[in-house]
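show me the folded form of this:
(2 chains)
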There are 2 protein chains.
Amino acid sequence: MIKHALSVTRAQDFAQWYQTVITEADMAEESGVRGCMVIRPWGYGIWERIQRLLDDRIKATGHENCYFPLFIPLSNFEKEAEHVEGFAKEMAVVTHHRLIPDGKGKLIPDPAAKLEEPLVIRPTSETVIGTAFSRWVQSWRDLPVLINQWANVVRWEMRTRMFLRTTEFLWQEGHTAHASEAEAREETLKMLEVYRSFAEECVALPVIAGEKPENERFPGAVETWSIEAMMQDGKALQAGTSHFLGTNFAHAQDIKFQNANGELEFANTTSWGMSTRMIGGLIMVHGDDDGLRVPPRLAPWQVVIVPMLRDTDEDGAILDYCRALQRELAKLSACGEPVRALLDMKAAKSTTKRWGWIKKGAPIVIEVGGRDVAGGNVSVIRRDRLYREDGKLDSAVVAKTDFVGRAAGMLEQIQSVMLAGAKARLDAGISRDVADMAGLEAFFADDVKNPGWVEAGWSKPTGVALDKVVEKLKSLKLTLRNVPQGAPPATGTCLFTGEPAVERVLIARAY
Amino acid sequence: MIKHALSVTRAQDFAQWYQTVITEADMAEESGVRGCMVIRPWGYGIWERIQRLLDDRIKATGHENCYFPLFIPLSNFEKEAEHVEGFAKEMAVVTHHRLIPDGKGKLIPDPAAKLEEPLVIRPTSETVIGTAFSRWVQSWRDLPVLINQWANVVRWEMRTRMFLRTTEFLWQEGHTAHASEAEAREETLKMLEVYRSFAEECVALPVIAGEKPENERFPGAVETWSIEAMMQDGKALQAGTSHFLGTNFAHAQDIKFQNANGELEFANTTSWGMSTRMIGGLIMVHGDDDGLRVPPRLAPWQVVIVPMLRDTDEDGAILDYCRALQRELAKLSACGEPVRALLDMKAAKSTTKRWGWIKKGAPIVIEVGGRDVAGGNVSVIRRDRLYREDGKLDSAVVAKTDFVGRAAGMLEQIQSVMLAGAKARLDAGISRDVADMAGLEAFFADDVKNPGWVEAGWSKPTGVALDKVVEKLKSLKLTLRNVPQGAPPATGTCLFTGEPAVERVLIARAY
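Numbering: from 1, shown residues only, chains lettered A, B, ... in the order given. Presented below is the predicted three-dimensional model:
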């Protein structure tokens, strides 16, 4: 029986386990500000890796980064009716621009400094960016406009959970304007594919890309597409969305251009975003009962060297040996980038450090003691296979030169192993043989036996008919996720309406 | 007589010229939100370069990035008295978390959703980060804490100016806690030196590093140090600050630790920041009457290739030639990084593109026409020497292979030439022979003859005596900048008090 590093296992209490991983891996903590977290260096380091790798892909597809204001005037927000409807309930509102002492040692907003027009903290930036687009776009020659911003946004959430749902969160939001509907639709799917491949190749997160049903559309969008990932408890997490906005926002924000024939047309726009929520997905897909496991491509440190010092004369030789190892590793390249190797010099016991890095999920932990130096060896712990058959920690003594020769390949292998594991779970977790509502209820009644999703044919109801379906699902704590791209054609009848099925839809519990 | 690209020259109207550069170089624009700007791709691309290069240096000195909340509860802010005093006048205050329709088609803050405790948008994060430090620091083993964040902050400014003073701006803020005063003081000066060398080596911006006088200290700091840059109109711009906070914030935020002897001590803390203001400095130091000039290390694109297409059969060959050139350039390395070369494929006339890139300040613009292809040549425009002796644009036809062989060296040379030019201006602009107040007034009375600063001995008055000096200077629209590090010892008497001078201080008009 293995004694794991965390005080709670996934099987015991998945929600508590999730919080424990975040705490024990030093990723984030409560800030004392309602619904806002402090992202600590290890959590933020992972976000920086996500930024770097995703930003490269966003730029490689022709987009440029900009920065737009945090504040959105109320009047600006009133223009797109559906959009307001969707967001008005959960926004932080700035009403004053000065504080004054209240005479009792406290500060209060200065009544003399009340804003004429309140400012909303951006929940998303379609409105303020649309206003800029209307200035930038005059002629077909100005199109397409392909921009992105990395920013913080605020949505006032009643129930928050670190990384998954916080009042303030970090994201990128892409916004584009095009001369034709076809081009805007192509852009929407291109960025969906960027998200899908990024999730799979960098986060080792297999996802299902598809179109969200009408009720799950972004407020103001014509179509919303998503990538959905399966957590280890079988729930779905929407990990990125791409919206085709048609001319809805162009009408609201007056984004018009003169086409090649001299006629005025409204532009077609898109928007797409991925956020710090992805880190929540990473934890729930790759974490285990010993803490987080970070895929090598996202690990701020891929190889951590822990010197086993004893306050003896030997220490100097151990440190020299470790420094030389770090230098050799830094010369290697894995997954197309230089290997990131850290020599952990913190003042702490080496076993504390070892377990600290295991809980943080560094892909490879190297321990170096006096005996290793004498023998020209290192002790290697791989985070993806932590224990031996007999339940003991698998720390393998290997020749240093052998390890250096194999380190890059080992990192690449860990990346693939993590993807393959998650992919096998996703594939096994989707049931395609649920034939009716009774079957659906039965499937989701047994969380332990069936931690996963159902893909079923449906008749794609709209309006009131769809509302009924959504309500029925809600009573079962279920949601419609998306209509997978490239799914086989639907046959038979709709699970909900009894009408002929026209496409296949994913049904799941969700975060 | 050269006909320059901008409609206004520096000599005609420096303030108007500054705005014109920003507009013509597509760097930023008014957003429609009071005091907030939209940073456009070229401006933001320069900021991304600043981030990348400065972040590398911040990490190389042992700091890790984190992220702290945008919101600071009012109570949190009330703890450090001087700090509140310094910032309370200019903060955005969130008082509601929901909007509702007012029944007349508009939205208003929902009275039922008034926050119990208003939230301030961070003007700087000492208070919220200090609160985190008090959780993180228990023992001397937890020290030092060395962290940094890249974030947006808000200070409600009455008069704003793009990049120099905006309500919302972007910056990095470093925050550290140390076991001893000596170590915290060392950190303060270490980061000042990081700023100084970054400004000089990356921005080609020579600066004077020194301690700010008492009246210019950051609210709550024991010492504030700055780097000061000289603009082309002779005014000073504070381009980065580093604060030694002593135990002031540790007392306010309860940052205590048990030392090696088991006694409780307050930590010594520091903070230091550099912001998008640096881009304003870059414009005013390196811009000329043809627009911006970006030092190669900061240029998002260092070499821009403009194909001179004519809608003829020749175009295909020109584009192939340009693509090959771009690939060859991308293989080169300049200033330690791969060369960033762009092939400009926008739908516009090639002369429009040429002047667009000149106004944006790309270090090298290459034009390729049919004749260049036939001769195996390229036409090279260097942004740092735009015109020939005869006043004509200096576009030199050189063999393509020669250009490729010299491109990296040319970029490095442009970087040094820009630094040398700015350094010569700074050195020539500091007058050290002003002996009395009459001399000071006379020096600054003639902006055109004396665009620069005065360095003079002073007696370092404090309190009320200093207030008098500051007031007198204010009446002359002058400010004390800093006491330069490593200046020769002061001799003679203080310009202001007549007492013996104890150190040398810089006096200047300032942004």
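
all helices for the stretch 151-300 of chain A, in order.
Taking DSSP state H, counting those that start in this stretch to define them, one finds helices in the stretch 151-300 of chain A at A:181-201, A:248-253, A:277-286.

again, but for chain A
Secondary structure of chain A by DSSP state H: the helices cover A:14-24, A:41-60, A:74-77, A:81-87, A:126-136, A:181-201, A:248-253, A:277-286, A:314-330, A:350-360, A:370-375, A:400-429, A:437-445, A:463-475.

any idea which of the helices of the stretch 151-300 of chain A is most buried?
Neighbour counts (mean count of other CB atoms under 10 Å in any protein chain shown) averaged over each of the helices of the stretch 151-300 of chain A peak at helix A:277-286, with a mean of 25. No exception for glycine: its C-beta is placed from N, CA and C like everyone else's.

what's in contact with it?
Contact partners of helix A:277-286, identified using CB atoms under 8 Å, 6 or more residues apart in numbering or on different chains, comprise A:18, A:21-22, A:27, A:43, A:46-47, A:50, A:161-165, A:169, A:199, A:203-205, A:229-233, A:237-240, A:292-295, A:298, A:361, A:418, A:422, A:511.

apply 6 Å and report the result again.
With CB atoms under 6 Å, 6 or more residues apart in numbering or on different chains as the test, helix A:277-286 has contacts from A:21, A:46, A:163-164, A:203, A:205, A:229, A:231-232, A:237, A:239, A:292-293, A:418, A:422.

which of those sits closest to residue B:487?
Among the contacts of helix A:277-286, residue A:46 lies closest to residue B:487 (CB to CB), at 45.5 Å.

ok, for the closest one, nearest residue in space, not its chain neighbours?
Nearest residue to residue A:46, sequence neighbours excluded (CB to CB, 6 or more residues apart in numbering or on different chains): residue A:298, at 5.5 Å.

tell me what the nearest residue to residue A:495 once chain neighbours are set aside is bridged to.
In space, and not counting its chain neighbours, residue A:495 is closest to residue A:456: 4.7 Å by CB to CB, 6+ apart. With DSSP bridges as the criterion, residue A:456 is bridged to residue A:505.

from residue A:473, how far out is residue A:456?
In this structure, residue A:456 and residue A:473 are 11 Å apart, going by CB to CB, to the nearest Å.

and what of residue A:379?
52 Å.

same question, residue A:413
According to CB to CB, residue A:413 stands 41 Å off from residue A:473.

the closest residue to residue A:100 other than its chain neighbours and residue B:219, how far apart?
For residue A:100, ignoring the flanking residues on the chain, the nearest one in space by CB to CB, 6+ apart is residue A:110 at 4.4 Å. Counting by CB to CB, the separation of residue A:110 from residue B:219 is 18 Å.

which residue, other than its chain neighbours, is closest to the residue in the stretch 201-350 of chain A that chain B sits nearest to?
Taking CB to the nearest CB as the measure, the stretch 201-350 of chain A has residue A:347 as its residue closest to chain B, at 5.0 Å. Leaving aside its chain neighbours, residue A:347 sits nearest to residue B:141 (5.0 Å; criterion: CB to CB, 6+ apart).

what's around the one you found, how many residues?
Using other CB atoms under 10 Å in any protein chain shown, residue B:141 is surrounded by 13 other residues.

how about residue A:202?
23.

try the one 3 residues further on
The tally of other residues near residue A:205 (other CB under 10 Å) stands at 27.

and the spatially closest residue to it that is not a sequence neighbour, how close does it get to chain B?
Setting aside the residues directly before and after it, residue A:205 is nearest to residue A:199 in space (CB to CB, 6+ apart), at 4.3 Å. As defined by CB to the nearest CB, to the nearest Å, residue A:199 lies at a distance of 22 Å from chain B.

these two touch, right, residue A:199 and residue A:206?
No: here residue A:199 does not reach residue A:206: they are 7.6 Å apart, not a contact under CB atoms under 6 Å.

pull the contacting residues for the residue of the stretch 101-250 of chain A found nearest chain B.
For the stretch 101-250 of chain A, the nearest residue to chain B under the criterion CB to the nearest CB is residue A:156, separated by 4.2 Å. Residue A:156 makes contacts with A:90, A:167, B:97, as judged by CB under 6 Å, 6+ apart.

return the member of the residues you listed nearest to residue B:261.
Nearest to residue B:261 among these: residue A:167, at 42.6 Å, using CB to CB.

ramachandran angles for the closest one?
Per-residue torsions, residue A:167: phi -60, psi -50 (degrees, to the nearest 10).

I'd say it and residue A:157 touch.
Yes: Residue A:167 lies in contact with residue A:157 (CB under 6 Å); the separation is 5.5 Å.

which of these two has more neighbours?
Between residue A:167 and residue A:157, residue A:167 has the larger neighbour count (other CB under 10 Å), namely 24 against 17.

excluding residues flanking it in the chain, which one is nearest that one?
Closest to residue A:167 by CB to CB, 6+ apart is residue A:35, at 3.2 Å.

you'd agree the one you found is up against residue A:160?
Yes: contact status for residue A:35 versus residue A:160: in contact at 4.2 Å, counting by CB under 6 Å.

more neighbours: those two, which one.
Shown here are residue A:35 and residue A:160; by other CB under 10 Å, residue A:35 has more neighbours (22 against 18).

quick one: contacts for the more buried one?
With CB under 6 Å, 6+ apart, residue A:35 has these contacts: A:157, A:160, A:166-167.

show me which residues of the stretch 251-400 of chain A sit near chain B.
residue A:347 (CB under 6 Å from any CB of the partner chain).

ignore the last one, the stretch 51-200 of chain A
Contact residues, the stretch 51-200 of chain A versus chain B (CB under 6 Å from any CB): A:64-71, A:74, A:78, A:88-89, A:92-99, A:107, A:109, A:118, A:131-132, A:141, A:152, A:156, A:168.

which stretches of chain A aren't confidently modelled?
Low-confidence segments of chain A, defined by pLDDT under 70: A:80-88.

where do the domain boundaries of it fall?
When chain A is parsed with automatic domain parsing, its domains come out as A:44-278, A:296-419, A:429-508.

which of those sits most buried?
Most buried among the domains of chain A, counting by mean count of other CB under 10 Å: domain A:44-278, with a mean of 20.

run the chain-centre distance for it.
How far domain A:44-278 lies from its chain's middle: 15 Å, per CA atoms, centre = their mean, to the nearest Å.

do stretch A:338-355 as well
That offset, for stretch A:338-355, works out to 27 Å (CA atoms, centre = their mean).

got a list of contacts for that stretch?
By CB under 6 Å, 6+ apart, the residues outside stretch A:338-355 that reach it are A:5, A:301-306, A:308, A:322, A:326, A:329-330, A:332, B:141.

make TSV from those residues and add distance to residue B:103 to it.
Listed next are these as TSV, based on distance: CB to CB, whole Å:
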residue	distance to residue B:103
A:5	58
A:301	57
A:302	59
A:303	63
A:304	61
A:305	66
A:306	65
A:308	72
A:322	70
A:326	67
A:329	66
A:330	65
A:332	66
B:141	61
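
now for these: which two are most distant?
Taking CB to CB, the two most distant members of those are A:332 and B:141; they sit 32.4 Å apart.

mind checking how far the residue lying closest to residue A:39 once chain neighbours are set aside is from residue B:488?
Nearest non-adjacent residue to residue A:39, counting by CB to CB, 6+ apart: residue B:67, 4.0 Å away. Noted for residue B:67: a distance of 44 Å to residue B:488, by CB to CB.
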